[in-house]
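Participant: Give me a model of this one.
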Amino acid sequence: MVLRSETGEVEGVTLTKSICSIWDQVWNFQARPDDLLIATYAKAGTTWTQETVDMIQQNGDVEKCRRATIAKRHPFLEWFIEDPLSTPYSEKPVMDLAEAMPSPRTIKTHLPVQLVPPSFWKQNCKVIYVARNAKDNLVSYYHFHRMNKALPDPGTWEEFIEKFMTGKVLWGSWYDHVKGWWKAKDKHRILYLFYEDMKENPEQEIQKILKFLEKDVNQEVLNKIVHNTSFEIMKENPMANYTREFQAIMDHSISPFMRKGAVGDWKNHFTVAQNKKFDEDYKKKMADTSLVFRTEL
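Facilitator: Numbers count the residues shown, from 1 in each chain. Modelled structure (predicted):
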């Protein structure tokens with residue numbers, strides 16, 4: 001029986017108690033100059049980006065990308081769960097997995113920019129950040145909480161909207177997260193991508209990643225990457241869809257890890273009143289940024 005996580009805070013950002021318990025280790029994590037960090041708010045296209053990056057690094061070789069599950073290929077920097085059933089991580093911080101990996105490493109995080117271990121900036125590491133519009137991100141996050149027992153109970157849909165708007169969810173406020181990383185991109189080597197652009201024109205966005213990683217592939221390989229990182233293919237890929245591990249934690253019968261991967265699904269969830277309230281609050285919170293999101297294609 002997996003108990004739902006209790007939460008704590010690090011510098012005002014909500015994290016699981018388990019992560020808070022190893023925070024010093026996370027903060028002191030030693031990045032290497034050739035590390036690549038994939039950073040996102042939870043449920044903003046993380047796994048999709050990871051698979052895309054791996055396909056690029058493996059030059060479109062599908063077999064190589066299936067060498068291990070995504071959780072093992074790209075360690076989740078801050079994740080720690082005090083539960084022996086949660087293989088492959090068991091009771092060791094995932095950092096141990098990262099530290100044992102040969103370079104070059106690709107590491108994943110959901111941390112807001114101010115909580116990223118300083119060694120990543122000292123080493124001038126490259127970071128790919130992906131942002132997704134707030135409404136779709138919220139819907140996806142809600143369903144993820146429902147199926148993932150390692151996360152706090154989301155409560156009702158109504159309650160979860162409230163938590164999301166006030167930033168009282170894991171990894172803190174979506175608004176602060178996307179804005180913080182947006183600001184940081186002017187100071188660091190950060191490629192800032194949008195989920196909606198990736199949906200609309202995957203080839204174009206993959207080319208941005210290729211350029212950022214200073215990689216070159218021919219059209220045939222590019223087509224292969226586009227095909228194999230499509231939602232339909234990834235949903236059926238056990239090395240990417242989280243059906244291979246964490247069976248004690250994730251209940252795909254409640255909601256699959258890869259649910260819809262769509263833009264505009266929020267319209268199936270928000271009532272007119274909820275939408276109005278959300279929009280008014282959003283306008284206030286996003287008044288101080290040049291960031292613009294699309295909520296439909």
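
Participant: List the contacts of residue 293.
Facilitator: Residues near residue 293 by CB atoms under 8 Å, 6 or more residues apart in numbering: 131-134, 194, 196. From N, CA and C alone the C-beta is placed, and that goes for glycine too.

Participant: Check the spatially most central residue of the chain and give its pLDDT.
Facilitator: When CA atoms, centre = their mean is applied to the chain, the residue found nearest the centroid is residue 46 (3.5 Å). On the pLDDT scale, residue 46 is placed at 96.

Participant: Surely it is in contact with residue 108?
Facilitator: Yes. The pair formed by residue 46 and residue 108 meets the contact definition of CB atoms under 8 Å, at 6.2 Å.

Participant: Common neighbours of the two, please.
Facilitator: Common neighbours of residue 46 and residue 108, counting by CB under 8 Å, 6+ apart, are 38, 40.

Participant: what's the distance between the residue nearest to the centre of the chain and residue 141?
Facilitator: The gap separating residue 46 from residue 141 is 12 Å, by CB to CB, to the nearest Å.

Participant: again with residue 276
Facilitator: Between residue 276 and residue 141 the distance, using CB to CB, works out to 21 Å.

Participant: How many residues are close by residue 201?
Facilitator: For residue 201, the neighbour count with other CB atoms under 10 Å is 12.

Participant: for it, phi and psi?
Facilitator: Reported as degrees, to the nearest 10, the phi and psi values for residue 201 are phi -140, psi 80.

Participant: Which member of the contacts of residue 293 is positioned nearest residue 234?
Facilitator: Distance to residue 234 across those (CB to CB) is lowest for residue 132, with 16.0 Å.

Participant: isn't that closest one right up against residue 197?
Facilitator: No. With contact taken as CB under 8 Å, residue 132 and residue 197 are classed as non-touching, separated by 10.5 Å.

Participant: More neighbours: which of these two?
Facilitator: Summary of the neighbour comparison: residue 132 and residue 197, criterion other CB under 10 Å, with residue 132 having more neighbours (27 against 17).

Participant: check contacts around the more buried one.
Facilitator: When contacts are counted by CB under 8 Å, 6+ apart, residue 132 touches 40-41, 43-45, 140, 194-196, 293.

Participant: Repeat that for residue 180.
Facilitator: Residue 180 sits next to 112-114 when contact means CB under 8 Å, 6+ apart.

Participant: top of those residues by neighbour count?
Facilitator: By neighbour count, taken as other CB under 10 Å, the most surrounded of these turns out to be residue 112 (24 neighbours).

Participant: For this protein, which helix or strand comes out least confident on mean pLDDT?
Facilitator: When the helices and strands of the chain are compared on mean pLDDT, DSSP states H and E, helix 94-99 comes out lowest with a mean of 90.

Participant: re earlier: could you dump the contacts of residue 132 into CSV with distance to residue 96 and secondary structure added?
Facilitator: CSV is the format used below for the contacts of residue 132 (distance: CB to CB, whole Å; DSSP: H, G, I helix; E, B strand; the rest coil):
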residue, distance to residue 96, secondary structure
40, 22, strand
41, 25, coil
43, 25, coil
44, 26, coil
45, 27, coil
140, 29, helix
194, 33, strand
195, 31, helix
196, 36, helix
293, 36, coil
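
Participant: possible to save those residues as CSV with distance to residue 148?
Facilitator: Rendered in CSV, the data for the contacts of residue 132 read as follows (distance: CB to CB, whole Å):
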residue, distance to residue 148
40, 16
41, 15
43, 10
44, 15
45, 17
140, 12
194, 25
195, 20
196, 24
293, 25
